[in-house]
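*Asks:* Provide a 3D model corresponding to the input given below.
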Amino acid sequence: MCLTGVDYFSTLGYQPGIAALAAGAISPIATLVLVALTLIGALPVYRRVASESPNGEGSFAMLERLMSFWQGKIFVLVLLGFAATDFMITMTLSAADATAHMVENPHLEPLLSGHQIIITLILLALLGGVFLRGFKEAISVAVILVAIYLVLNVVVIATGLAEVIANPSLWSNWTTALTQQHGNPLVIVGIALLVFPKLALGLSGFETGIAVMPHIDSGPDDTPEHPIGRIRGARHLLTTAAAIMSVFLITSSLITTLLIPPAEFQPGGSANGRALAYLAHEYLGTTFGSIYDASTIAILWFAGASAMAGLLNLIPRFLPRYGMAPQWARAVRPLVLILTLGAFLITIIFRANVDAQGGAYATGVLVVITSAAIAVTLAARHARQHKLAVGFGVVALIFVYTTIANIIERPEGVRIAAIFIAAIIAVSLASRFARSFELRATSVTFDPTAQLFIRDTARRTIRFVAKEPDRRQRSDYSDKLRQVSRDNDLTDPNDVIFVEVTVTDPSEFAGKLDVRGEVQHGRYRVITFSSSSVPNALAALLLAVRDNTDRLPHIYFEWTEGNPAANLLRFLFFGVGEVAPVTREVIRRAEPDRDRRPHVHAG
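*Replies:* Numbering: from 1, shown residues only. Sure thing, here's the model as predicted:
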């Protein structure tokens with residue numbers, strides 16, 4: 001919870017100030033709307049996501065299951081682009097905000113002013129260094145920082161509430177200002193509903209709560225398919241974090257609105273982006289205020305930890321499986337270095353400016369939450385839970401409205417997210433093309449009939465004939481035998497095994513090969529299996545047969561008709577096309593010893 005909380009709870013460092021700046025005197029009511037949406041909207045959505053995706057893939061995996069083939073992969077890549085926007089900007093914005101708190105501290109301002117970019121880069125490097133040490137170390141740091149930060153906030157908020165209670169005029173002045181400015185209570189509620197999308201940063205943290213699920217202990221009766229204990233733990237995590245944050249959001253918004261002059265929230269004001277820190281200095285003295293500043297700086301610096309944890313969980317679970325990232329992307333430390341360098345680049349581009357990154361952050365957060373709401377709506381509908389589907393559908397519509405309102409208000413967020421999406425898709429497709437000639441089979445298994453066919457032919461010469469799994473009539477097999485015999489001058493064309501590969505989802509990258517044997521029309525030996533790519537599967541079959549029999553098999557192809565370039569594109573996107581030369585190339589890359597390569601014939 002603390003690893004998630006360094007992101008979620010750290011928004012207290014700037015959320016009250018954002019609320020006051022956006023909503024003015026209505027800030028506490030707008031915050032109530034935000035809390036209501038958190039407790040009756042986001043929290044139920046993500047409790048359902050935890051049940052549907054207990055291994056940490058989140059709503060992305062739920063939506064992926066609803067869409068297959070390339071459109072599903074591209075859709076997930078787009079969502080990953082928004083998630084990357086959310087998580088990466090969390091790292092850079094939080095570090096930049098920590099720097100701003102350091103620079104604005106009266107004791108440090110003369111020393112640090114003008115060095116924001118360098119300080120932010122140092123903070124990001126330190127964050128990456130913690131993860132290079134290990135994940136447990138990151139969790140330990142998070143627990144310490146969150147505990148100290150929440151205790152200090154309790155002190156500040158309790159002091160603020162005591163001040164409000166001791167001065168009833170503060171409350172009456174606020175209520176008077178509300179009625180004078182807006183009159184009708186319904187108007188006040190309506191304005192609060194309109195401005196609450198600007199407070200959407202207070203919703204961050206739910207997706208990272210799901211992303212860290214693999215690190216939650218499972219129960220004694222858990223199975224990989226049904227980790228009930230892990231799901232229960234994740235639900236407790238989300239509920240506890242949401243309850244704690246809701247109390248802090250409401251109370252902090254109330255005391256900052258009542259105790260801080262409105263002018264101080266404006267850009268350049270002492271409470272701009274640091275409302276609770278302003279109260280800590282004002283009512284508890286410079287010493288306590290500096291301690292509070294140090295705690296805020298520390299948790300804002302480490303807020304990127306939850307984002308880093310989310311990326312370290314999401315990227316290895318999707319991109320390498322799609323063939324859209326190298327295998328080393330499954331390793332933590334290289335990925336930490338890549339993400340840290342990316343954060344450096346973003347910081348330099350935005351010159352460590354918090355406001356410049358705020359729109360992208362809010363857009364990423366809202367799109368990810370909206371996708372989760374849509375995913376659970378579809379899941380409830382698929383499960384025929386009609387009342388739940390309607391409830392989740394209403395929540396999804398609210399988040400759609402919030403996202404659209406945020407995009408209209410801050411369109412730069414979509415532009416920044418579009419850069420992330422374009423970069424992820426471009427790099428992913430380039431990686432997929434570069435890895436297209438890998439073997440790609442995770443395992444090859446043979447049923448007893450297929451083993452019998454291979455053992456029999458291994459006494460002489462193992463000869464496979466590649467054939468499309470079309471109508472499978474007697475004439476198809478006899479015509480193929482006649483053609484192969486003519487093209488390759490076979491001495492005994494009947495002593496062969498036909499191989500038929502059925503293409504399933506060509507957008508999948510790797511998978512198991514379950515080879516089955518059968519006899520067609522009483523005389524033709526046929527082995528069949530399914531795969532996302534014909535040539536890669538055939539290469540894996542030939543190498544497995546070689547390893548099992550210690551004999552080099554032969555395979556015979558018919559040359560593919562048509563433009564070779566067009567056929568290559570068919571292979572890249574649909575798993576078919578230039579089968580003969582691609583099969584040979586996959587074998588060549590998998591087996592460096594020429595004398596141990598199976599023989600490929602094309603006629």
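
*Asks:* so what are the sheet partners of the strand ranked longest in the chain and their directions?
*Replies:* Longest strand of the chain, by residue count under DSSP state E: strand 511-520. In the sheet, strand 511-520 lines up against strand 441-446 (parallel), strand 524-531 (antiparallel) (DSSP bridges).

*Asks:* buried stuff in the first one?
*Replies:* Of the residues in strand 441-446, those scored as buried under the neighbour-count criterion (16 or more other CB atoms under 10 Å) are Ala441, Val444, Phe446. Glycine gets a C-beta too; all of them are placed from N, C-alpha and C.

*Asks:* could you dump those residues to JSON lines with distance to Arg588?
*Replies:* Shown next, in JSON lines, are the buried residues of strand 441-446 (distance: CB to CB, whole Å):
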{"residue": "Ala441", "distance to Arg588": "16"}
{"residue": "Val444", "distance to Arg588": "19"}
{"residue": "Phe446", "distance to Arg588": "24"}
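
*Asks:* can I get these in a markdown table with pLDDT and distance to Ala192?
*Replies:* Shown next, in a markdown table, are these (pLDDT from 0 to 100; distance: CB to CB, whole Å):
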| residue | pLDDT | distance to Ala192 |
| --- | --- | --- |
| Ala441 | 86 | 58 |
| Val444 | 92 | 62 |
| Phe446 | 94 | 67 |
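
*Asks:* just the strands in the protein please.
*Replies:* 441-446, 463-466, 497-503, 511-520, 524-531, 554-557, 599-602.

*Asks:* show the average pLDDT along the second one.
*Replies:* Looking at strand 463-466 alone, the average pLDDT works out to 92.

*Asks:* contacting residues around Met324?
*Replies:* Lys73, Leu77, Phe318, Val427, Ser428, Leu429, Ser431, Arg432, Phe509 (CB atoms under 8 Å, 6 or more residues apart in numbering).

*Asks:* thinking again about what came up before, how about a markdown table for the strands paired with strand 511-520, with distance to Thr502 added?
*Replies:* Formatted as a markdown table, these follow (distance: least, CB to CB, whole Å):
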| stretch | distance to Thr502 |
| --- | --- |
| strand 441-446 | 15 |
| strand 524-531 | 5 |
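
*Asks:* tell me the one of the buried residues of strand 441-446 nearest Ala417?
*Replies:* Ala441 (36.2 Å; CB to CB).

*Asks:* so which helix or strand of the protein has the lowest pLDDT on average?
*Replies:* helix 185-195 (a mean of 74; mean pLDDT, DSSP states H and E).

*Asks:* go through that helix and flag the buried ones.
*Replies:* Those would be Ile188, Val189, Ile191, Ala192, Val195, for helix 185-195 by 16+ other CB under 10 Å.

*Asks:* by contact count, what packs against that helix?
*Replies:* helix 15-23, helix 27-37, helix 168-182 (3 or more CB pairs under 8 Å, 6 or more residues apart in numbering; DSSP states H and E).

*Asks:* deepest in the core, which of those helices is it.
*Replies:* Greatest average neighbour count among these goes to helix 15-23 (a mean of 24), per mean count of other CB atoms under 10 Å.

*Asks:* what is that helix packed up against?
*Replies:* Partner elements for helix 15-23 (3+ CB pairs under 8 Å, 6+ apart): helix 27-37, helix 185-195, helix 228-259, helix 275-302.

*Asks:* before we move on, back to that, possible to save the strands of the chain as CSV with distance to Leu34?
*Replies:* Shown next, in CSV, are those (distance: least, CB to CB, whole Å):
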stretch, distance to Leu34
strand 441-446, 46
strand 463-466, 61
strand 497-503, 49
strand 511-520, 44
strand 524-531, 49
strand 554-557, 63
strand 599-602, 63
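
*Asks:* now do the same contact list for the residue nearest the centre of the chain.
*Replies:* The chain has Leu314 as the residue nearest its centroid, 4.3 Å off, counting by CA atoms, centre = their mean. Shown in contact with Leu314 (CB under 8 Å, 6+ apart): Gly56, Glu57, Gly58, Phe60, Leu80, Ala83, Ala211.

*Asks:* flag every buried residue along the longest helix seen in the chain.
*Replies:* If you go by DSSP state H, the chain has its longest helix at helix 69-104. Buried residues in helix 69-104, defined by neighbour count with 16+ other CB under 10 Å: 72-104.
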